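> make a model of this:
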Amino acid sequence: MLFRVALVLSLAACGQPAAQLAALEKQRVAEEFPVVPMQLVIARGGRGALVLSLADDGTLREGQTVVGSLKGTRVVGAKGEEIVAVEGDGRVTHAGKRTPIRFEREELESDNGRRISVDDAGAVVFAPPMHGRRARTTFRFEGFAPKARRTALLVLLVVVLENEKETEE
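Have a look, this model is predicted:
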């Protein structure tokens with residue numbers, strides 16, 4: 001990752017065309033948030049109830065209803081509005097407003113130190129600092145691939161932040 005940043009900076013200093021720089025940035029984002037078809041489910045009695053699915057074209061669906069799509073480091077709604085975005089420093093925005101959440105490597109971390117990750121089996125895991133150990137949740141990703149861990153967390157953020165928004169309204 002550091003090598004790519006240095007390469008982009010050196011190309012910029014050499015006067016490389018903007019199209020080449022944009023292509024490098026697009027490649028970096030694709031590596032950080034690869035689109036891998038998966039479904040976020042909540043476990044109920046041994047079976048999973050579908051919450052949200054990500055298709056191979058980046059489309060997000062709640063059941064059969066398209067609710068948005070993954071576009072690089074952003075998730076946009078069905079009408080084109082920004083739902084969730086990841087800034088260059090890893091900070092997450094929701095509907096254009098900064099949140100207390102940021103990406104730290106392959107985990108989400110809040111300003112209070114609590115972390116959320118997805119384990120290799122696709123289970124969503126919390127790591128509150130007061131307990132000192134990870135706690136599995138009832139959420140899991142089916143069709144999950146470890147290379148898409150950050151993508152899975154971005155999908156989870158859509159569900160969590162949009163549900164928070166609905167309860168505030």
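> in this structure, which spans are helices?
2-13, 18-32, 149-168 (DSSP state H).
> got the buried residues for the last one?
Applying a neighbour-count criterion of 16 or more other C-beta atoms under 10 Å, the buried positions in helix 149-168 are 149-162. Every residue, glycine included, has its C-beta placed from N, CA and C.
> cool, stretch 54-74 as well?
Using 16+ other C-beta under 10 Å as the test for burial, stretch 54-74 gives 54, 58, 59, 60, 61, 67, 68, 69, 70, 72, 73, 74.
> what is the rounded mean pLDDT of that stretch?
What stretch 54-74 shows for mean pLDDT is 93.
> ok now it, how far from the chain's centre?
12 Å (C-alpha atoms, centre = their mean, to the nearest Å).
> mind listing residues that contact it?
Stretch 54-74 is contacted by residues 26, 29-30, 32-33, 35-39, 50-53, 75-78, 82-87, 151, 154-155, 158 when judged by C-beta atoms under 8 Å, 6 or more residues apart in numbering.
> please indicate which of those residues are buried?
32-33, 35-39, 51-53, 75-77, 83-86, 151, 154-155, 158.
> domain parsing for the protein?
1-32, 34-66+101-168 (automatic domain parsing).
> if you average pLDDT over each of those domains, which is lowest?
Least confident of these, judged by mean pLDDT, is domain 1-32 with a mean of 55.
> how about the strands in this protein?
Using DSSP state E, the strands of the chain run over 38-44, 47-54, 59-62, 65-71, 74-77, 82-86, 91-94, 97-104, 107-110, 115-118, 123-127, 135-142.
> which one of the ones you listed lies nearest to residue 19?
Nearest to residue 19, of all those, is strand 65-71, at 18.7 Å by C-beta to C-beta.
> for the buried residues of stretch 54-74, which one is nearest residue 135?
Of all those, residue 135 sits closest to residue 54, with 24.5 Å by C-beta to C-beta.
> just to revisit the earlier point, make JSON lines from the strands of the chain and add distance to residue 20 to it.
What follows is those, written out as JSON lines (distance: least, C-beta to C-beta, whole Å):
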{"stretch": "strand 38-44", "distance to residue 20": "32"}
{"stretch": "strand 47-54", "distance to residue 20": "29"}
{"stretch": "strand 59-62", "distance to residue 20": "29"}
{"stretch": "strand 65-71", "distance to residue 20": "21"}
{"stretch": "strand 74-77", "distance to residue 20": "22"}
{"stretch": "strand 82-86", "distance to residue 20": "23"}
{"stretch": "strand 91-94", "distance to residue 20": "27"}
{"stretch": "strand 97-104", "distance to residue 20": "26"}
{"stretch": "strand 107-110", "distance to residue 20": "32"}
{"stretch": "strand 115-118", "distance to residue 20": "33"}
{"stretch": "strand 123-127", "distance to residue 20": "38"}
{"stretch": "strand 135-142", "distance to residue 20": "35"}
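> alright, I will stop here.
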